[in-house]
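*Asks:* Whatever this is, show me its structure:
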Amino acid sequence: MGPAPGRARRHPEAVLAVALWAGRFEAATDEALAELSESFSFDRALYHYDLAGSAAHVRGLAHAGLLTEAERDELLEVLVAIEREFDAGAFITETGDEDVHMAIERRAIEIAGPLGARLHTGRSRNDQVATTLRLFTRDALARVGEGVLDLVDALVALAERHPGARLPGYTHLQRAQAVLLSHHLGAHAFALVRDVDRLADARERLDVSPLGAGALAGSSLPLDPAYTAGLLGFAAPFANSMDAVSDRDFVAESLFAIALTGVHLSRLGEELVLWTTSEFGFARLGDAFTTGSSMLPQKKNSDVAELARGKTGRLVGNLTGLLVTLKGLPLSYNRDLQEDKEPLFDSVRQVLLVLRALTGAYGSLEFDEGRAAAAADDELLVAIDLAEALVREGVP
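*Replies:* The predicted structure is shown next:
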């Protein structure tokens, strides 16, 4: 398949020349291994968080007396300049940019010369990557939680538009008892609020800074992990350096919380599919949230609901894949952990897309109170009420 999209073909000599770890090696990295190892094509999404972690590290080096104030300020200006390049889409990748972390350090050296190389003083890619990913995940879970709450608001608004609407409540997809639409939508809202609780709980647990843990056993330099943790807004620094660089529980927990959110979104999607069929006819979605058929002109398809349902398999798959990756890893860091990012990025992106689409769909939904009431007024649905009336009259 060739090189990763958007990247120049790798020259082994270039890979050897720029690799941070290349000092003891005499042979160049084979092109096949270079292609296998490459992650810049997807982890470039972390550039903002890597630069934030690097800025904290630079301040930490100055705090420890390892950089002068002038050196600190110059390196911070370099990091700002690099972020501007990324923001503008002007950052130029080079052969040997194995990942976004190495690319940023390479660019810092290009701009600042030997001072740029001091960006890596007292730091390993192991604690650097772990810090960057925690920063990303902390923000991502907050965005997902906000999206879930927006959907809850849309459900509440729909209930408020139809305060007295009723419909059948179902068990086994068979009509059971009549319920208010507000009560029915509230059941979905409660499940979604639990999802927000889970997202917040996972976010609280990941709020630990790995910066300063080094490759696995810290550094002999007088670094202050608590200082850099505070700069990055983490609740605490790491307590065990080996755990700090190898822990990906926070990714697995985040993927679980997102997957279960997806399960609840899938249930909403399935319900919308049913409600918008001719057989049910309880609801109609706005044209902006439906599609037609390439052959059948009468069709109005609830694709938004079907995709909400379908995407959930992908979210569950991302969780399952990561758990299988993690299950046999010895302490501490292993390159397998490179495989934690794509499932996380994908799950975050997909669930945000579904949340936004479903929120809009419920905002466009027209609920047919008459059709739903006719179904709710099925005389069989009061069977339990009649039975209970007999009980009150003393019938055993």
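*Asks:* For the rest of this, base every contact and every neighbour count on C-alpha atoms.
*Replies:* Noted.
*Asks:* Mind pulling the model confidence for E26?
*Replies:* Per-residue pLDDT puts E26 at 75.
*Asks:* That one: what's it in contact with?
*Replies:* Counting by Cα atoms under 8 Å, 6 or more residues apart in numbering, E26 makes contact with nothing.
*Asks:* Give the helix, strand or coil label for it.
*Replies:* coil (DSSP: H, G, I helix; E, B strand; the rest coil).
*Asks:* Which strand or helix spans the residue lying closest to S219 once chain neighbours are set aside?
*Replies:* Closest residue in space to S219, ignoring its immediate chain neighbours: G122 at 6.1 Å, by Cα to Cα, 6 or more residues apart in numbering. G122 is part of no helix or strand, with elements assigned from DSSP states H and E.
*Asks:* likewise the one 5 residues further on?
*Replies:* Secondary structure assignment for D127, by DSSP H and E: helix 125-161.
*Asks:* still on that earlier bit, the residue nearest to S219 and G214 touch, don't they?
*Replies:* Yes: using Cα atoms under 8 Å, G122 is in contact with G214, at 6.8 Å.
*Asks:* could you say what helices and strands the helix holding D127 packs with?
*Replies:* Helices and strands touching helix 125-161, by 3 or more Cα pairs under 8 Å, 6 or more residues apart in numbering; DSSP states H and E, are helix 47-63, helix 100-112, helix 181-205, helix 241-246, helix 249-275, helix 341-364.
*Asks:* Beyond it, next helix or strand please.
*Replies:* strand 166-171.
*Asks:* Now do the buried residues in stretch 319-337.
*Replies:* L319, T320, L322, L323, L326, S332, Y333, L337 (16 or more other Cα atoms under 10 Å).
*Asks:* what about it, start to end distance?
*Replies:* 14 Å (Cα to Cα, to the nearest Å).
*Asks:* The residue nearest to S219 - how many residues pack around it?
*Replies:* 20 (other Cα atoms under 10 Å).
*Asks:* so how far is S266 from it?
*Replies:* Counting by Cα to Cα, the gap between G122 and S266 amounts to 47 Å.
*Asks:* V193 too?
*Replies:* Counting by Cα to Cα - V193 and S266 are separated by 16 Å.
*Asks:* Compare those two (neighbour count), which wins?
*Replies:* More neighbours surround S266 than the other of V193 and S266, with 22 against 16 (other Cα under 10 Å).
*Asks:* roughly how far apart are that one and A372?
*Replies:* Here the criterion is Cα to Cα. By it, S266 lies 22 Å from A372.
*Asks:* and what of D385?
*Replies:* 20 Å.
*Asks:* ok, Y170 - contacts?
*Replies:* Contacts of Y170 by Cα under 8 Å, 6+ apart are A176, Q177.
*Asks:* what pairs with it across the strands?
*Replies:* Bridge pairing for Y170 (DSSP bridges) gives the partners R175.
*Asks:* Now S302. Nearest residue, chain neighbours left out?
*Replies:* Using Cα to Cα, 6+ apart, the closest residue to S302 is T290 (5.0 Å).
*Asks:* For the one you found, list the residues it contacts.
*Replies:* T290 neighbours (Cα under 8 Å, 6+ apart): K300, N301, S302, D303, V304.
*Asks:* With secondary structure, distance to E74 and pLDDT added, can I get those residues in JSON lines?
*Replies:* Output for these, formatted as JSON lines (DSSP: H, G, I helix; E, B strand; the rest coil; distance: Cα to Cα, whole Å; pLDDT from 0 to 100):
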{"residue": "K300", "secondary structure": "coil", "distance to E74": "60", "pLDDT": "87"}
{"residue": "N301", "secondary structure": "strand", "distance to E74": "58", "pLDDT": "89"}
{"residue": "S302", "secondary structure": "coil", "distance to E74": "55", "pLDDT": "91"}
{"residue": "D303", "secondary structure": "helix", "distance to E74": "53", "pLDDT": "94"}
{"residue": "V304", "secondary structure": "helix", "distance to E74": "50", "pLDDT": "95"}
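*Asks:* Let's have the residues you listed in a markdown table, adding neighbour count and distance to R107.
*Replies:* Shown next, in a markdown table, are those (neighbours: other Cα atoms under 10 Å; distance: Cα to Cα, whole Å):
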| residue | neighbour count | distance to R107 |
| --- | --- | --- |
| K300 | 18 | 52 |
| N301 | 18 | 50 |
| S302 | 25 | 48 |
| D303 | 16 | 45 |
| V304 | 22 | 43 |
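*Asks:* related to what we said a few turns ago, more crowded one of D385 and A372?
*Replies:* A372 (21 against 12).
*Asks:* Give me the residue ranges of the protein where confidence is low.
*Replies:* Counting by pLDDT under 70, the chain contains low-confidence residues at 1-23.
*Asks:* so A257 sits right up against L199, yeah?
*Replies:* Yes: the pair A257 and L199 qualifies as a contact (Cα under 8 Å) at a distance of 5.9 Å.
*Asks:* show me the contacts for V251.
*Replies:* T137, D340, L344.
*Asks:* Format those as TSV; extra columns: distance to L173 and neighbour count.
*Replies:* Shown next, in TSV, are the contacts of V251 (distance: Cα to Cα, whole Å; neighbours: other Cα atoms under 10 Å):
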residue	distance to L173	neighbour count
T137	38	23
D340	39	20
L344	34	24
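*Asks:* between those, which is closest to V395?
*Replies:* Of all the contacts of V251, V395 sits closest to L344, with 59.3 Å by Cα to Cα.
*Asks:* Give the buried residues for stretch 234-254.
*Replies:* In stretch 234-254, counting by 16+ other Cα under 10 Å, buried: 234, 236-238, 241-248, 250-254.
*Asks:* no no, stretch 194-209
*Replies:* D195, V196, R198, L199, A200, A202, R203, L206, D207, V208, S209.
*Asks:* Over to stretch 273-286?
*Replies:* Quick answer for stretch 273-286 (16+ other Cα under 10 Å): V273, L274, W275, T276, F282, A283, R284, L285, G286.
*Asks:* go on, stretch 167-182?
*Replies:* Applying 16+ other Cα under 10 Å to stretch 167-182 flags L167, P168, G169, R175, A176, Q177, A178, V179, L180, L181, S182 as buried.
*Asks:* All set now, cheers.
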